[in-house]
Every structure is written in structure tokens, then in C-alpha cells.
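Q: Could you work out the structure for the sequence below:
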Amino acid sequence: MHAIERYGNRTPSEREQQVIQLVAQGLKNKEVADAIGTTEHVVKNYLRVIYDKLGLWNRVELALWYESRRPGPTLISQYN
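A: The predicted structure is shown next:
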């Protein structure tokens, strides 16, 4: 079964978006778990699903993905 069939529109859920934001801020799995009131194991599961949904391989790619979609001035617009 392909990821698109398993996850539909491939948009992170609200909870997954919380995890993405915290990981992008540099928090470790345990810190993310404490912040959202769950276990480190559950955070690891969230990350596996998020990586699959977004076609990413690791935390660095996830942080870059998050930063590229954040509202606000982009690096390019800061120099114009």
C-alpha cells in the first residue's frame, strides 16, 4: 500500500503539526513528549507517520520543511 492510500491528503493533523513545530524548535523527543503530555514512544510514532506523509527522512529535513512554510518574511524578502 502506498503512503497516499494510507494517509489520504498527506496533510499533517493538528497534533502532528504541534510535533513538527516543537521538533523544528530543536526539542528532543523526550522534551516534545513532555510538552504535549505523552510518551517518547508516541512521539517517535508521530515522527514516523509525519516523515512518511511528507516524504522526509529526518529531523533536519522536517525543520527545513517547517521553516519553508512558516508565515512571515522569507530570507529573500529581507534583502529586497
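
Q: Strands of the chain, residue ranges please.
A: Taking DSSP state E as the criterion, the chain contains no strands.

Q: Name the helix or strand of it that has the lowest mean pLDDT.
A: helix 3-7 (a mean of 46; mean pLDDT, DSSP states H and E).

Q: what's the average pLDDT for stretch 62-72?
A: When pLDDT is averaged along stretch 62-72, the result is 89.

Q: do stretch 21-29 as well
A: Here the average pLDDT along stretch 21-29 is 97.

Q: ok, and what's touching it?
A: Contacts to stretch 21-29, defined as C-beta atoms under 8 Å, 6 or more residues apart in numbering, come from residues 31-32, 35-36, 40, 43-44, 47, 59, 62-63, 66-67. (Each C-beta comes from the backbone N, C-alpha and C, glycine too.)

Q: Can you give me the end-to-end span of that stretch?
A: 12 Å (C-alpha to C-alpha, to the nearest Å).

Q: buried residues in that stretch?
A: 22-24, 27, 29 (16 or more other C-beta atoms under 10 Å).

Q: Show me how far it is from its chain's centre.
A: How far stretch 21-29 lies from its chain's middle: 9 Å, per C-alpha atoms, centre = their mean, to the nearest Å.
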